[in-house]
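# Predicted model and sequence below, questions to follow.
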Amino acid sequence: MAPVPHLQTGVSLRSFNTMGIDAHAHALLPVHTVDDLHAVRADPTLNALPRLVLGGGSNLLFTGDFDGLVLHMRGAGIDIVGETGDAVLLRAAAGESWHGLVMWTLAHGLGGMENLSLIPGSVGASPIQNIGAYGSELKDCFHQLSAFDFETGEVLHLDRAACEFGYRDSIFKHRLRDRAVILDVTFALPKQWQPNLRYSELAKEIAARGLSAPSAADISQAVIAIRQRKLPDPALLGNAGSFFKNPVVPAAQRDALLARHPTLVTYAQGDGSYKLAAGWLIDQCGWKGRAMGAAGVYEKQALVLVNRGGASGAEMLALAQAIQRDVEGSFGVRLEPEPVFV
């Protein structure tokens, strides 16, 4: 069997994850085309290794070394590929920067992604998490994607329904986990764009800027300003963004909590349940700004765990578990981490 080109062994992953954890991988392969994935599947030794698909490394926590093959998605390219009656279809390769894609759409006069500005990570990772922020989710502008199936060697084409999107969830966390590798994503951006100001903090920012009829670029700039005020730059302080999901609870549980905690921050959901602000719960437990060694909680946003320099993945995990215990003990609510633990 011919060797797979560009395969690296014994690679430090510190520069491949925004948390800045210095874990090592047994092997790493930059993936530029689907042919690279076919080559891995055809190699019995490589195909037998545990696999980790890596984009921007912004939504994972290495709790130790990875004794397997890291597939680092490097495919590039953004193109308008067609249209429907009410939307422009735009395809981006998995290795493209998510924020870079949003900026590309704005530069080409296309709206629909602006609420998702400055989210770190890659295009290929975005459907897995169904990324969302400021009143918008990926599924709102999603059309379809292509993914390589390691089980069959075929390329799958999945539309929105097939991806089974949920809150920070998709089929790629369940039936297609460890099996499918996203190659590219096609988005449907509206021809008749309307601003999405449902998120109150964003609406207030737009109002404070005196914008009565904001453009998509105006909204993007407002989102960027809010994120920069609240969240640390991973290049300066290691982090994976929001570390915990906002828990969703039944109305009765929310009402009981609100009776005991009148300042509880909640958001009504379409099915009658309520989403609780995880950052508020963590803050109430006194964790904002605290640290356990080099692992800490960001001073400006309790939802963000940070690596203050040299923290191991195990130390970050211990901090997260301590926060989970305190929140569950105080509120009876179990926080679920957003990042993937490796």
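Structure received. Numbers count the residues shown, from 1 in each chain.
# Now do the buried residues in the top strand by length along the chain.
The longest strand of the chain (DSSP state E) is strand 180-190. For strand 180-190, burial by neighbour count (16 or more other C-beta atoms under 10 Å) applies to 180-189. Where you see a C-beta, it was placed from the backbone N, CA and C, and this is true even at glycine.
# next one: stretch 334-342
Using 16+ other C-beta under 10 Å as the test for burial, stretch 334-342 gives 335, 337-340, 342.
# Can you give me the first-to-last residue distance of that stretch?
Taking C-alpha to C-alpha, to the nearest Å as the measure, stretch 334-342 stretches 21 Å from start to finish.
# what's it in contact with?
19, 23, 52, 59-63, 66, 129, 168, 240-245, 247, 278, 281-282, 317, 320, 323-324, 327-328 (C-beta atoms under 8 Å, 6 or more residues apart in numbering).
# one more time with 7 Å, if that's ok
52, 59-63, 66, 168, 240, 242-245, 247, 278, 317, 320, 323-324, 327-328 (C-beta atoms under 7 Å, 6 or more residues apart in numbering).
# Among those, name the buried ones.
52, 59-63, 66, 168, 240, 242-245, 247, 278, 317, 320, 323-324, 327.
# quick one: which of those residues sit in strands?
52, 60-61, 66, 240, 242.
# Nearest to Ala295 among those residues?
Among those, Leu61 lies closest to Ala295 (C-beta to C-beta), at 10.5 Å.
# Against Ala240, how distant is the closest one?
Distance, Leu61 to Ala240, using C-beta to C-beta, to the nearest Å: 6 Å.
# what's the answer for Trp98, then?
14 Å.
# follow-up on the earlier one: farthest-separated two in the ones in strands among the buried ones among the contacts of stretch 334-342?
Across these (C-beta to C-beta), the longest gap, 23.3 Å, separates Phe66 and Ser242.
# Okay, now the unreliable bits of this protein?
1-3 (pLDDT under 70).
# 90 instead, please
Low-confidence segments of the chain (pLDDT under 90): 1-6, 56, 58-59, 167-168, 230-231, 233-235, 241, 267, 270, 340.
# For Trp248, name its beta-bridge partners.
You called it Trp, but residue 248 is Val. Lys275 (DSSP bridges).
# just checking, it touches Asp271?
No. Val248 sits out of contact with Asp271 when judged by C-beta atoms under 7 Å, with a separation of 9.0 Å.
# the more surrounded of those two?
For Val248 versus Asp271, the count of surrounding residues by other C-beta atoms under 10 Å is larger for Val248: 17 against 9.
# For the more buried one, give me its contacts.
Here Val248 is in contact with 167, 269, 273-275 (criterion: C-beta under 7 Å, 6+ apart).
# Of those residues, grab the buried ones for ChimeraX.
This is how ChimeraX selects the buried members of the contacts of Val248, with burial counted by 16+ other C-beta under 10 Å:
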select :273,274,275
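# got a markdown table for the contacts of Val248, with distance to Leu258 too?
Converted to a markdown table, the contacts of Val248 look like this (distance: C-beta to C-beta, whole Å):
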| residue | distance to Leu258 |
| --- | --- |
| Tyr167 | 21 |
| Gln269 | 15 |
| Ser273 | 14 |
| Tyr274 | 9 |
| Lys275 | 13 |
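# can you name the two of the contacts of Val248 that are farthest apart?
Tyr167 and Tyr274 (12.7 Å).
# Distance check, the closest residue in space to Ala87 that isn't next to it in sequence against Ala278.
Closest residue in space to Ala87, ignoring its immediate chain neighbours: Ala188 at 3.9 Å, by C-beta to C-beta, 6 or more residues apart in numbering. From Ala188 over to Ala278 the distance is 31 Å, taken as C-beta to C-beta.
# Please apply the same query to Met113.
25 Å.
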